[in-house]
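Asks: This is the structure alone, sequence omitted:
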């Protein structure tokens, strides 16, 4: 007879759920690590300055480093429990997710804000993002979009003085 079997705390239904969660955490960690490194890389081209006299690259570098650190911690924490076979199922789930509608709306906003103006671009962003939800109603989305667009214009252009066009450039 061999030695007695040890009780492994990673067996059972709870461990299957933990492995599935760990796979998602690892994917999120990889994404945050890559995004953070990308931000830090791009920020290194700008003047950093110091903590007392911050340059334009200081905040993006710190934010990128923090994102990369959080991503690294997530990857390291989930490395012990990752079930790689779950990644395919999660990737398939992500392909059919409505999250892509929101990501494309953000991309369209970034491209359109310079030519369509902040107000119109924000209206489009809020409505397109709302349309990704299962209970989309124009009656609820349009007033909300008008409020958010008005608030963004007041905050960014009027109060902060950013040089963004409020209205489409072809109107003036």
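Replies: Good, I have the coordinates. Not measured: the values here are computed from a predicted model. Numbering: from 1, shown residues only.
Asks: How much space separates residue 111 from residue 104?
Replies: The spacing between residue 111 and residue 104, counted by C-beta to C-beta, to the nearest Å, is 11 Å. To be clear about C-beta, it is placed using only N, CA and C from the backbone, and glycine gets the same treatment.
Asks: My error: substitute residue 122 in the last question.
Replies: With distances defined as C-beta to C-beta, the gap from residue 122 to residue 104 amounts to 16 Å.
Asks: again with residue 51
Replies: Relative to residue 104, residue 51 is positioned 38 Å away (C-beta to C-beta).
Asks: Just want to know which of those two has more residues nearby.
Replies: residue 104 (13 against 8; other C-beta atoms under 10 Å).
Asks: what helix or strand is the more buried one on?
Replies: Residue 104 belongs to helix 99-116 when assigned by DSSP states H and E.
Asks: Identify the residues contacting that helix?
Replies: When contacts are taken as C-beta atoms under 8 Å, 6 or more residues apart in numbering, the neighbours of helix 99-116 outside the stretch itself are 120-122, 124-125, 128-129, 131-132, 164-165, 168-170.
Asks: rerun that using 7 Å as the cut-off
Replies: 121, 124-125, 128-129, 131-132, 164, 168-169 (C-beta atoms under 7 Å, 6 or more residues apart in numbering).
Asks: Same question for it: list its buried residues.
Replies: Of all the residues in helix 99-116, those buried under the rule 16 or more other C-beta atoms under 10 Å are 102, 105, 109, 112-113, 116.
Asks: Identify, from those residues, the entry nearest to residue 46.
Replies: Comparing the buried residues of helix 99-116 against residue 46 with C-beta to C-beta places residue 113 closest, at 21.3 Å.
Asks: what about the closest one, distance to residue 106?
Replies: Taking C-beta to C-beta, one finds residue 113 at 11 Å from residue 106.
Asks: for the helix or strand residue 38 falls within, packing partners?
Replies: Element membership for residue 38, per DSSP H and E: helix 13-43. Other helices and strands packing on helix 13-43, by 3 or more C-beta pairs under 7 Å, 6 or more residues apart in numbering; DSSP states H and E, are helix 58-78, helix 85-95.
Asks: mean pLDDT lowest for which of those helices?
Replies: Note on the helices and strands packed on helix 13-43: helix 85-95 shows the lowest mean pLDDT, a mean of 63.
Asks: Contacts for the helix or strand hosting residue 140, please.
Replies: Mapping residue 140 onto the secondary structure by DSSP H and E places it in helix 138-152. Under the contact criterion C-beta under 7 Å, 6+ apart, helix 138-152 has outside partners 118-119, 122-123, 126-127, 130.
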